[in-house]
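>>> Give me a model of this one.
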Amino acid sequence: MLLGLIRPVWVLWFLDRSNRLMVIRIYGSIGLAFFILWKACSLLP
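Residues are numbered from 1 along each chain as shown. Next up is the predicted model:
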């Protein structure tokens, strides 16, 4: 499943600059959401 997520990003990254910014925005926001959830869960007793 992880390779299924990486491959389209790899392709989009090298197509053009606007796609690169879109990839950063989408995957950055997903990563940030997971990080916030992980921190919130670790704070719970």
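>>> C-alpha only now, for contacts and for neighbours.
OK.
>>> For Phe14, which non-adjacent residue is closest in space?
Distances taken as CA to CA, 6 or more residues apart in numbering place Arg20 nearest to Phe14, at 7.4 Å, with adjacent residues excluded.
>>> what's the spacing between that neighbour and Leu32?
Per CA to CA, to the nearest Å, Arg20 is found 18 Å from Leu32.
>>> Compare the two and say which is more crowded by neighbours.
The neighbour count for Arg20 versus Leu32, taken as other CA atoms under 10 Å, is higher for Arg20 (16 against 12).
>>> avg pLDDT for stretch 29-44?
The pLDDT scores in stretch 29-44 average 90.
>>> which stretches of the protein form strands?
Remark: no strands are assigned in the chain by DSSP state E.
>>> Show me the residue at the heart of it, geometrically.
Centroid-nearest residue in the chain: Tyr27, 2.1 Å away (criterion: CA atoms, centre = their mean).
>>> Distance of that residue relative to Leu43?
On the measure of CA to CA, Tyr27 and Leu43 end up 24 Å apart.
>>> likewise Ile36?
To Leu43, Ile36 is 11 Å away according to CA to CA.
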